[in-house]
Every structure is written in structure tokens, then in C-alpha cells.
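Asks: Sequence first, then the predicted structure:
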Amino acid sequence: MPTTTAPADLYRHGLRLLLAKDIPGWVGLWADEGVMEFPFAPPGWPARLDGREAIAAYMRDYPDHIDLHDFPDVRIHESTEAGTIVVEMRGVGRLVATDSPFDMTYIAVVTVRDGRFTSYRDYWNPLAVQAPGTDFTGSGAR
């Protein structure tokens with residue numbers, strides 16, 4: 001992606017990569033020193049990932065566990081902080097292990113610098129990972 005990519009455009013491109021199950025492509029949108037945080041992570045789940053390599057390791061097997069079909073209702077809000085957006089969205093699909101529906105609502109605060117994600121705070125619902133077949137991080141939780 002060019003360094004002039006607007007944060008909202010980069011984010012939407014990232015969603016397309018996730019739907020295509022192109023995890024290496026999605027990870028490639030990150031700055032080397034990018035940080036991904038999960039403020040509501042339950043015990044046994046990572047609360048913070050430091051650096052592109054840690055993010056890649058976390059996401060590597062994501063499509064083997066969650067088969068994403070769509071991100072309906074994506075709403076991106078510009079913030080007063082340069083390069084930072086707030087995203088409201090849903091991810092829908094199925095859990096591969098159980099073939100049960102996956103429907104998660106997210107709010108994310110995302111910062112982009114020089115055309116790369118540098119910070120991503122993902123406020124997802126930790127109650128959703130209490131269902132069978134949702135321990136896709138290798139945390140042993142559940």
C-alpha cells in the first residue's frame with residue numbers, strides 16, 4: 001500500500017484481505033513495531049501483541065478456526081488525532097471446529113502512520129470465546 005493511504009482505506013483493504021483469508025497480506029499492512037491490544041481479553045488470552053512478528057504468530061491460523069464471510073455494518077469514524085480512526089463493525093461467518101455461526105461485534109481504535117497500522121485496540125466481546133471451539137489462539141483457555 002502506498003504511504004499516502006488514508007487510515008479508512010487501509011482498514012477497508014485489511015478487511016478484504018481477511019475475507020480472502022490472506023493473513024500474510026493482512027500482516028503485511030503492519031509497521032514492524034505495531035502493537036495490537038485486546039483490553040477485554042479474558043484470562044489466558046493475550047492482552048497485547050508487540051510487533052509485526054507477534055501479530056503474525058497470533059493470526060497465522062485464524063482461517064483454520066474462523067471462516068469469515070462478511071463484515072456488514074462497517075462504520076468508520078475519523079478522530080481528531082491525525083491518523084486515528086474508530087471502527088464499529090460486525091464479523092460474521094462460522095466456527096470451523098463446530099460449524100456453528102460466528103457473529104461478533106467489534107469496536108476498534110486504529111492508528112496508521114506512513115501507510116501502516118501502528119496501533120490497533122480491539123474491543124471485542126470476551127463472552128463469545130466461552131463457546132466450544134473458540135480457543136484458536138493456542139492459549140489453552142476455555
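Replies: The structure has been received and is ready for your questions. Residues are numbered from 1 along each chain as shown.
Asks: so how far is the helix or strand hosting residue 88 from its chain's centroid?
Replies: According to DSSP states H and E, residue 88 maps onto strand 84-95. Centre-to-centre, strand 84-95 and its host chain are 8 Å apart (Cα atoms, centre = their mean, to the nearest Å).
Asks: what helix or strand is the residue lying farthest from the centre of the chain on?
Replies: For the chain, the largest distance from the centre (Cα atoms, centre = their mean) belongs to residue 80, which lies 22.5 Å off. Secondary structure from DSSP H and E places residue 80 outside every helix and strand.
Asks: same question, residue 120
Replies: Using DSSP H and E, residue 120 falls in strand 116-124.
Asks: what angle do that strand and strand 84-95 make?
Replies: 60 degrees (axes from the mean of the first three to the mean of the last three Cα atoms, to 10 degrees).
Asks: Check which helices and strands strand 116-124 is in contact with.
Replies: Here strand 116-124 touches helix 7-19, strand 30-37, strand 100-113, going by 3 or more Cβ pairs under 8 Å, 6 or more residues apart in numbering; DSSP states H and E. The way it works is simple: take the backbone N, C-alpha and C, and place the C-beta from them, glycine included.
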